[in-house]
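Trainee: dropping the sequence and predicted coords here.
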Amino acid sequence: MEIPSASMLLCRDVNPKILYSRKVLIVKLSALGDILHALPALKYLRRTAPSLEIHWASDASFAELLAGCPEVVKAVPFPFREWKKQSFSPKTWKEVLGAVRALRRERYDIAIDIQGNLKSGLVTRLSGAPLRIGFDRDGVREAPNLLLTNRKARLLPEDRHVSRKYLRVASCLFGEPFEPSDLSPDLSVSAEDRDAAASLVKELLGDAVFRVAVHSGSTWPTKRMSKVFWAGVILSLRERCPAVGVLLSWGSEEERREALEIREMAGGSVELLPRLSIMRLAAVYRECGFVMAPDTGPLHLAAAVGAATVSVFRATDGLRNAPDGASHRFLQAPMECTACLRKECDRNQMCLDSVSSLEAAELMAGLMGA
């Protein structure tokens with residue numbers, strides 16, 4: 001690849017030789033779905049500048065996930081949740097200072113902040129990287145972040161999907177356009193997890209011809225669908241395809257109780273998964289091949305390991321967040337206020353009722369070829 005001229009760069013006043021720097025830190029701290037949306041940036045960087053040594057700073061809870069990314073040489077975990085619980089403890093501050101010193105010892109050449117809030121900006125600044133790339137004023141999530149980066153990526157009108165936004169930031173130094181194929185995340189699953197997932201799915205669903213995983217939970221009440229909705233989806237899908245087996249995944253105890261109620265309402269050939277690690281759950285989704293969910297981390301985990309998905313969007317925008325590609329479908333609540341980004345809403349029930357479980361089932365049956 002030729003070194004691009006300065007006129008090719010979206011970020012101004014950058015020495016093109018820095019594109020061949022050795023060490024880059026990606027800063028995307030959370031959450032699960034957002035980190036998975038950011039994986040295409042890895043694919044782009046590896047294709048465009050294969051000599052880069054890429055590290056990734058995240059919340060400690062996602063270190064296992066990043067270990068499944070062959071492009072990431074080193075995951076840099078920060079136990080933010082533990083620190084927050086004991087924010088006034090001398091032990092916590094000692095750990096924070098130790099983490100900052102360890103970060104600076106890496107001597108990063110470039111830090112790329114694709115989160116855009118104050119916390120990610122602080123990590124980016126504390127990395128010591130001389131070149132710190134982030135969103136411009138129109139793309140940043142929290143304005144103080146602008147003070148902590150020294151090169152800004154300008155989003156373009158076509159950057160509606162969140163993965164495109166992240167790719168725009170990651171690509172702004174390189175002058176190389178990203179391709180449609182760059183938009184698909186790619187997460188590797190270990191042979192151990194694949195084998196364990198195959199055994200578990202076989203044990204729970206036997207010889208079911210089609211195997212569909214359903215995850216009903218989400219952190220926002222306005223993203224979730226009701227238990228009646230998901231039971232209706234399963235019943236309608238079974239009418240179209242009697243040989244389908246369904247697995248219900250869950251994260252919290254509340255989600256587990258909800259899954260039990262869905263199983264009770266939906267009847268036979270529906271089983272609950274046990275509590276699983278992120279990568280074991282990813283392997284189960286890969287083994288099933290088909291996943292249904294609202295806008296939630298497990299949806300994007302399924303897409304990242306190659307499962308076909310049908311998703312439901314209400315408070316968030318499917319054109320921005322839904323998995324991209326020919327093997328994915330989504331329903332958007334047909335309300336004039338859809339994609340409102342509200343976590344609570346007095347029209348929540350009306351919004352829930354506006355989405356058809358039959359239509360969701362038909363979309364999945366279409367993907368299955370049933």
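Mentor: Yes, it's here. Residues are numbered from 1 along each chain as shown.
Trainee: report the buried residues of stretch 196-209.
Mentor: 196-197, 200-201, 204-205, 208 (16 or more other Cβ atoms under 10 Å). Placement of C-beta: from N, CA and C, glycine included.
Trainee: same question, stretch 157-170
Mentor: Burial within stretch 157-170, assessed by neighbour count using 16+ other Cβ under 10 Å, is assigned to 159, 161-170.
Trainee: ok, so of these, who is nearest L319?
Mentor: H161 (6.9 Å; Cβ to Cβ).
Trainee: picking up where we left off before, in JSON lines, list the buried residues of stretch 157-170 along with distance to D186, pLDDT and secondary structure.
Mentor: Below are the buried residues of stretch 157-170 laid out as JSON lines (distance: Cβ to Cβ, whole Å; pLDDT from 0 to 100; DSSP: H, G, I helix; E, B strand; the rest coil):
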{"residue": "D159", "distance to D186": "20", "pLDDT": "94", "secondary structure": "coil"}
{"residue": "H161", "distance to D186": "16", "pLDDT": "94", "secondary structure": "coil"}
{"residue": "V162", "distance to D186": "16", "pLDDT": "95", "secondary structure": "helix"}
{"residue": "S163", "distance to D186": "12", "pLDDT": "94", "secondary structure": "helix"}
{"residue": "R164", "distance to D186": "16", "pLDDT": "94", "secondary structure": "helix"}
{"residue": "K165", "distance to D186": "18", "pLDDT": "95", "secondary structure": "helix"}
{"residue": "Y166", "distance to D186": "14", "pLDDT": "96", "secondary structure": "helix"}
{"residue": "L167", "distance to D186": "14", "pLDDT": "94", "secondary structure": "helix"}
{"residue": "R168", "distance to D186": "19", "pLDDT": "94", "secondary structure": "helix"}
{"residue": "V169", "distance to D186": "19", "pLDDT": "95", "secondary structure": "helix"}
{"residue": "A170", "distance to D186": "15", "pLDDT": "93", "secondary structure": "helix"}
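Trainee: show me which residues of stretch 292-310 are buried.
Mentor: Under 16+ other Cβ under 10 Å, the buried positions of stretch 292-310 are 292-310.
Trainee: just the C-alphas of it, formatted as CSV.
Mentor: The C-alpha coordinates for stretch 292-310 follow below in CSV (Å, rounded to 0.1, in the frame of the first residue of the first chain):
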residue,chain,number,x,y,z
MET,A,292,-34.2,-13.7,17.7
ALA,A,293,-33.9,-10.8,20.1
PRO,A,294,-34.6,-7.1,20.7
ASP,A,295,-31.8,-4.5,20.5
THR,A,296,-29.5,-6.1,23.1
GLY,A,297,-25.9,-7.3,23.4
PRO,A,298,-26.7,-11.0,22.7
LEU,A,299,-28.3,-10.1,19.4
HIS,A,300,-25.1,-8.5,18.2
LEU,A,301,-23.1,-11.4,19.7
ALA,A,302,-25.1,-13.8,17.5
ALA,A,303,-24.5,-11.7,14.4
ALA,A,304,-20.7,-11.5,15.1
VAL,A,305,-20.4,-15.3,15.0
GLY,A,306,-22.4,-15.7,11.9
ALA,A,307,-25.9,-16.6,13.1
ALA,A,308,-28.9,-15.3,11.0
THR,A,309,-31.0,-12.9,13.1
VAL,A,310,-34.4,-11.4,13.4
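Trainee: what pLDDT, on average, does it get?
Mentor: On average, the pLDDT along stretch 292-310 is 97.
Trainee: cool, and stretch 110-124?
Mentor: Rounded mean pLDDT across stretch 110-124 is 97.
Trainee: what comes up buried for that stretch?
Mentor: 110-117, 119-124.
Trainee: could you tell me the end-to-end distance of it?
Mentor: By Cα to Cα, to the nearest Å, the extent of stretch 110-124 from end to end equals 9 Å.
Trainee: all helices for the stretch 251-370 of the chain, in order.
Mentor: For the stretch 251-370 of the chain, the helices defined by DSSP state H, counting those that start in this stretch occupy 253-266, 278-288, 297-304, 318-321, 348-353, 357-368.
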